[in-house]
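Visitor: next one to model:
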Amino acid sequence: MAALALLLLAGLFSPAEAAAVVARVDLSSQRMTVSVNGVPRYSWAVSTARRGYVTPTGVYRPQRLYREYYSRKYYNSPMPYSIFYSGGYAIHGSYAVNQLGAPASHGCIRLHPSSAATLYSLVRTYGRGNTAIVITR
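Guide: This is a model prediction of the structure:
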């Protein structure tokens, strides 16, 4: 562990590379890939911000997790398996599965509910501090 800390300080590894769970979201392809301990395990279609909205890019850690959550801002919409990573932005399940693979959200990252459950379980198992969310264009 001390060696890893030294590599991080030296700038040889990013915090995302040091995480046990890394969820990478590519906005251009509308896909999320999830690696566990450096091994690619999952690849899922997502829906991110549609025209007029934004999904922020960057590297994040999960802040809050909710098994069941309902949007206070958007008509009490269900957001199962929510993983909030930046203010009101979250990765969560969506029942609008026919929209996955294309921009459709107000900025959140939508997944199929079963995929969201899998990711939620990984974050709970490995911990928020051992999870990185990387969002790129």
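Visitor: so Arg61 touches Gly127, yeah?
Guide: No - counting by CB atoms under 8 Å, Arg61 stays clear of Gly127, with 9.8 Å between them. Where you see a C-beta, it was placed from the backbone N, CA and C, and this is true even at glycine.
Visitor: looking at those two, which is more packed in?
Guide: Arg61 (17 against 14; other CB atoms under 10 Å).
Visitor: and the more buried one, backbone torsions?
Guide: phi -110, psi 150 (degrees, to the nearest 10).
Visitor: for it, give me its contacts.
Guide: Residues in contact with Arg61 (CB atoms under 8 Å, 6 or more residues apart in numbering) are Tyr85, Arg128, Gly129, Thr131, Ala132, Ile133.
Visitor: for the chain, give me the ranges with low pLDDT.
Guide: 1-15, 17 (pLDDT under 70).
Visitor: show me where it has helices.
Guide: Ranges of helices within the chain are 2-10, 15-18, 113-126, based on DSSP state H.
Visitor: list the contacts of the last one.
Guide: If you take CB under 8 Å, 6+ apart as the criterion, helix 113-126 is touched by 20-21, 23, 32, 34, 36, 42, 44, 62, 65, 67, 80-83, 91-95, 97, 111, 131.
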